[in-house]
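1. A predicted structure for the sequence below; I have some questions about it.
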Amino acid sequence: MVTAAWKEIEKNAGQAVYLLTGSEHYLLQQTVDKIISGLEGITEEDVTYIDLEEQSAGLVIEEADTLPFFGDRKVIVAKNASFLKAKDKGKEKIDHPLDRLALWLEHPSPTATVIFTAPYEKLDSRKKITKLMQKHAVVVEANKLSGSDLTVWVQHQAGSLHRSIDRQTADYLIGTAGENMMQLSKELEKIASYLDEGKEITEEVIDLLVPRSSETEIFRLTDAYISGSRPKTLAVYHDLLRNGEEPIAMTSLIAGQVRLMLHVGTLKKKGYHQQQIASMLNVHPYRVKLVMTSRSMPPEHRLLQVLDRLAAVDLKLKTTSVSRERVLELFFMEPL
C-alpha cells in the first residue's frame with residue numbers, strides 16, 4: 001500500500017532514483033511532493049520538470065549529472081516515462097537513448113534525486129530498461145485505493161492534518177463523499193479548517209460540512225425506489241437532475257447498484273461476512289454495509305425484474321426523441 005511506501009520514503013530520504021507507477025494521479029503527485037519535502041534545503045529553484053513525451057531521457061541524464069547551482073542537491077522530475085510500457089505503434093514522439101539510460105542507472109549522480117513517473121496501470125516487465133529501472137530505483141506503486149486500503153488512507157490523511165478519525169467514521173466519510181481521492185482530500189482539508197487541531201472528526205461534522213456524492217445519492221435513489229417510496233424517489237431524482245446528472249448515466253449507475261444488491265444477497269446467503277463480500281466484489285465495505293442493513297431488500301427475482309426494466313429504459317433513452325428526463329421519471333412512477 002502506498003502509505004507504507006511513504007513511511008519508507010520518510011525514513012530513507014534522498015535516494016538517487018525513484019520510479020512511481022500507477023494510474024492514480026493524485027497519489028503520484030502526493031508521492032512526488034513527499035519525496036521533495038523530505039529533502040533538506042530543497043527549494044522550487046532546485047526542482048526541474050521534464051516531460052518525457054516531449055523531451056529526451058538524455059536530457060534527464062545531462063541535468064542529473066550537472067552539479068547543483070544553488071545547493072548540495074537537485075531534483076529532476078521526469079514525467080510520463082512511456083518507454084517503460086508496451087509501445088503504442090505510431091504514437092512515440094521521442095527516440096530515447098535507452099542504452100545510455102541503462103548505463104546511467106548503474107551509477108546515478110550522487111548530487112541529484114531523479115523521480116521517474118509512469119502513470120500507467122501496467123509496465124512492460126519484458127523490457128530490459130524496465131527491469132533495470134525496477135532493480136535500481138525505489139519503486140512506489142500508486143494505484144487507486146479501494147476497500148480497507150482507502151479507509152486507512154483517509155485515517156492517514158486526517159492524521160497528517162493533525163486531526164483524528166476512527167475507522168467507522170472514515171468509512172462514513174467515504175460513503176458520503178465518494179471514493180475519489182482528490183475529493184476526499186479536499187473534504188478533509190475543509191473539515192480540518194473547521195475543527196481545532198487535535199480534535200476528532202465525527203459523523204455529525206461530516207453531515208454538517210460534506211455534500212453527498214452522486215454515488216451516495218444514486219444509492220439513496222435506488223433504495224427509495226426499491227422500498228416503494230415514490231415521493232422520496234422522485235425528490236432525490238429531481239435533485240440529481242438539478243445537479244446536472246444525465247438520465248443515461250443515472251440508469252447505468254442504478255443498474256450497477258441493483259447488481260451489487262444481487263451479489264451481496266447471494267454471498268450473504270452463502271455465509272460470507274461484510275469484509276469478505278467487499279473484497280470479493282472489489283467495492284468499499286461501507287457500500288456492502290449499506291446494502292446488508294437495508295430494510296427494504298426485495299427478493300432476488302424482483303431485483304432481476306428491475307434489471308430487465310432498466311435495460312429497456314436504457315435502450316429507450318438512447319433511441320427516443322422525447323425527453324430523456326421524462327422517460328426515467330415514468331420508470332420511477334411505475335409500480336415495482
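-> Good, I have the coordinates.

2. show me where pLDDT drops low in this protein?
-> 1, 88-92 (pLDDT under 70).

3. Show me what counts as buried in the top helix by length along it.
-> Of all the segments of type helix in the chain, defined by DSSP state H, the longest one is helix 247-269. Neighbour-count burial for helix 247-269 flags 247, 250-251, 253-255, 257-258, 260-265, 267-268 (criterion: 16 or more other C-beta atoms under 10 Å). All C-beta atoms are positioned from the backbone trio N, CA, C, and that covers glycine.

4. Can you list the helices and strands that that helix packs against?
-> Contact partners of helix 247-269 among helices and strands, from 3 or more C-beta pairs under 8 Å, 6 or more residues apart in numbering; DSSP states H and E: helix 214-226, helix 274-281, helix 285-292, helix 300-319, helix 324-333.

5. can you rerun that using 10 Å?
-> helix 214-226, helix 230-242, helix 274-281, helix 285-292, helix 300-319, helix 324-333 (3 or more C-beta pairs under 10 Å, 6 or more residues apart in numbering; DSSP states H and E).

6. Buried by neighbour count: which residues of the helix or strand that contains Lys7 qualify?
-> Here Lys7, judged by DSSP states H and E, is contained in helix 2-11. Neighbour-count burial for helix 2-11, counted by 16+ other C-beta under 10 Å, picks out Val2, Ala5, Trp6, Ile9.

7. what do you get for stretch 309-329?
-> Using 16+ other C-beta under 10 Å as the test for burial, stretch 309-329 gives Leu310, Val313, Asp314, Lys316, Leu317, Arg324, Val327, Leu328, Glu329.

8. right, and the second one touches Leu330 too?
-> Translated: Val313. Yes: taking C-beta atoms under 10 Å as the definition, Val313 is a contact partner of Leu330 at 8.8 Å.

9. Which residue, neighbours along the chain excluded, lies closest to the residue nearest to the spatial centre of the chain?
-> What sits nearest the mean C-alpha location of the chain, by C-alpha atoms, centre = their mean, is Lys144, with 4.0 Å. With C-beta to C-beta, 6 or more residues apart in numbering as the criterion, Lys144 has its nearest non-adjacent residue at 4.6 Å, and that residue is Glu24.

10. If you tally nearby residues, what's the number for that neighbour?
-> 19 (other C-beta atoms under 10 Å).

11. what sits against it?
-> Going by C-beta atoms under 10 Å, 6 or more residues apart in numbering, Glu24 touches Val2, Gln30, Thr31, Pro119, Glu121, Glu141, Ala142, Asn143, Lys144, Leu145, Met181, Met182.

12. Give me the phi and psi for the closest residue to Thr48 other than its chain neighbours.
-> Nearest non-adjacent residue to Thr48, counting by C-beta to C-beta, 6+ apart: Ile76, 5.0 Å away. Per-residue torsions, Ile76: phi -120, psi 120 (degrees, to the nearest 10).
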